[in-house]
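Peer 1: okay, sequence plus prediction incoming.
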Amino acid sequence: TAAELAEFRDMVNEGNDDISAKLTADIDLSVDGEPSEWKPIGNPSFNGTFDGGGHTVSGYVVREAVRVQMTTSAYVDYAGFFAKIEMNGSVSNLLLIGDTDVTSDVGLRAGGVSGAIEELSKQSGIIFNCVHKGKVSAKVENASSYAGGITGYNNGLIVNCFHSGDVFATRNNNNYENAGGIAGMSDNTLAIYNSSWRS
């Protein structure tokens, strides 16, 4: 149920980042016919297994990012249905219908499924057999933006995925803006397989 999905997210975000779940039904997160605001799963990372079971989660919009301090003066925001997937984290067999629409004053990585997929200690996260339908928009003021239909920044694996919808990355000043139908940026050119998108 919607309540159980939110409970799972809260457990992950409270520090149980390697727990796992499998959906057994479609879930509509809307309230009175309007999309609800969804806080990403991960604080910032998800290292468990999430199996969508071929089901759909719909009726939401992500407007809130998870902020990570990288150095004493540098921060990065992650936004998506999941914030960041890393280590042995995997998300599979899931259809997401919702928007990611985030504005930030620091570096931003935004995606339809996750803000980023990272490699850590030679173990990388993976998204496979997933579909995202909706808009992805990453807007920043004075930093770099990465927006992707599946993930904003990919240093893991994306396999058998599809995105449908517009993707925007915007910024001010002389910073980077990166947008892609699957990934805004991929550090590994061999990390995306059998995946496609359409606007």
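Peer 2: Good, I have the coordinates. Numbers count the residues shown, from 1 in each chain.
Peer 1: which neighbours does the helix or strand of the chain with the lowest mean pLDDT have in its sheet, and in what orientation?
Peer 2: When the helices and strands of the chain are scored by mean pLDDT, DSSP states H and E, strand 119-120 comes last with a mean of 75. With DSSP bridges as the test, strand 119-120 is paired with strand 123-124 (antiparallel).
Peer 1: so where's the chain uncertain?
Peer 2: Along the chain, segments meeting pLDDT under 70 span 121-122, 173-175, 188-190.
Peer 1: tell me the helices in it, going along the chain?
Peer 2: For the chain, applying DSSP state H gives helices covering 2-13.
Peer 1: how far out from the middle of the chain is stretch 22-35?
Peer 2: Here stretch 22-35 shows a centroid-to-chain-centroid distance of 18 Å under the convention C-alpha atoms, centre = their mean, to the nearest Å.
Peer 1: and S58, what does it touch?
Peer 2: 26-30, 96-98 (C-beta atoms under 8 Å, 6 or more residues apart in numbering). For the C-beta atoms, the positions are set from N, CA and C on the backbone; glycine is no exception.
Peer 1: mind listing residues that contact the least confident helix or strand of the chain?
Peer 2: By C-beta under 8 Å, 6+ apart, strand 119-120 touches 86-87, 125, 155-156.
Peer 1: for A147, give me its contacts.
Peer 2: 110-111, 136-138, 167-169, 178-180, 184.
Peer 1: measure the most centrally placed residue in the chain to T100 for me?
Peer 2: Nearest to the mean C-alpha position of the chain, by C-alpha atoms, centre = their mean, lies S114 at 1.2 Å. Noted for S114: a distance of 10 Å to T100, by C-beta to C-beta, to the nearest Å.
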